[in-house]
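> please find the sequence and the predicted model below.
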Amino acid sequence: MKKIAPTHSSTHHLLGEHMPSLLMLTIVASVSTAVADWAGWHFVWRHENTNENSEPNKHTATSIFLSYYLPFMPTLALILGPNKLGVYNAGFSFVATTVLFAVMAIVTGGVAASAWSVRRRQIEEKESRELIGQKDTLPDYAFQHLPWTTAMLAICSFFWFYLLLF
């Protein structure tokens, strides 16, 4: 008889059977992060340092990895663990998900903090740029989307920290 070791679901025992599974919460966090990354790229960052006459920036291999592959690594670690496919043992699954939850919490929080910093700097330096005739790094149509895309990433970061800590 194969024993299934508990993973990050200690709160599951406290809250009863109505608590969503760790896998389901991780899938929600992964999809939410990928959607938030896509929204930030599509509405804001691809327009950085462009004007109305130029083409939007293109994705790099690194940004594709960080935005669309890395968020699903914790989900993959859980699926390959002992509670689903059994490729990994419980110890490896626990360590892998803990590390990946921490990475995702830090990366999404860092990107959100960086975006917030860009927003603050853009607002604070607006008059200075106008005096010397320098254009904003983000066009107005991209800048207006910065607060809500930043908020989405911050929410994802809190969600990853929740998964890490509970």
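Great, that's in hand. Residues are numbered from 1 along each chain as shown.

> what helix or strand is residue 110 located in?
helix 90-124 (DSSP states H and E).

> who does that helix touch, helix- and strand-wise?
Applying 3 or more CB pairs under 8 Å, 6 or more residues apart in numbering; DSSP states H and E, one finds that helix 90-124 contacts helix 22-43, helix 73-79, helix 146-165. Where C-beta positions appear, they are placed from N, C-alpha and C, glycine not excepted.

> what's next to the longest one, contact-wise?
Put plainly, it is helix 22-43. Helix 22-43 has contacts (CB atoms under 8 Å, 6 or more residues apart in numbering) with 7-9, 12, 59, 63, 66-68, 71-72, 74-75, 78-79, 83-84, 97, 104, 108, 111, 115, 142, 145, 149-150, 152-153, 155-156, 159-160, 163.

> following element in sequence after that helix, please.
Downstream of helix 22-43 (by DSSP H and E), the next one is helix 61-64.

> for that following helix, buried residues please.
Judged by neighbour count (16 or more other CB atoms under 10 Å), helix 61-64 contains no buried residues.

> likewise stretch 52-70?
Within stretch 52-70, the residues that qualify as buried by neighbour count (16+ other CB under 10 Å) are 67, 70.

> quick one: end-to-end length of that stretch, please.
Taking CA to CA, to the nearest Å, the first and last residues of stretch 52-70 lie 32 Å apart.

> which residues touch that stretch?
34, 37-38, 41, 45-50, 103-104, 107, 139.

> let's have those residues in JSON lines, adding neighbour count.
Below are these laid out as JSON lines (neighbours: other CB atoms under 10 Å):
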{"residue": "34", "neighbour count": "17"}
{"residue": "37", "neighbour count": "25"}
{"residue": "38", "neighbour count": "13"}
{"residue": "41", "neighbour count": "19"}
{"residue": "45", "neighbour count": "21"}
{"residue": "46", "neighbour count": "16"}
{"residue": "47", "neighbour count": "22"}
{"residue": "48", "neighbour count": "14"}
{"residue": "49", "neighbour count": "11"}
{"residue": "50", "neighbour count": "16"}
{"residue": "103", "neighbour count": "15"}
{"residue": "104", "neighbour count": "26"}
{"residue": "107", "neighbour count": "19"}
{"residue": "139", "neighbour count": "16"}
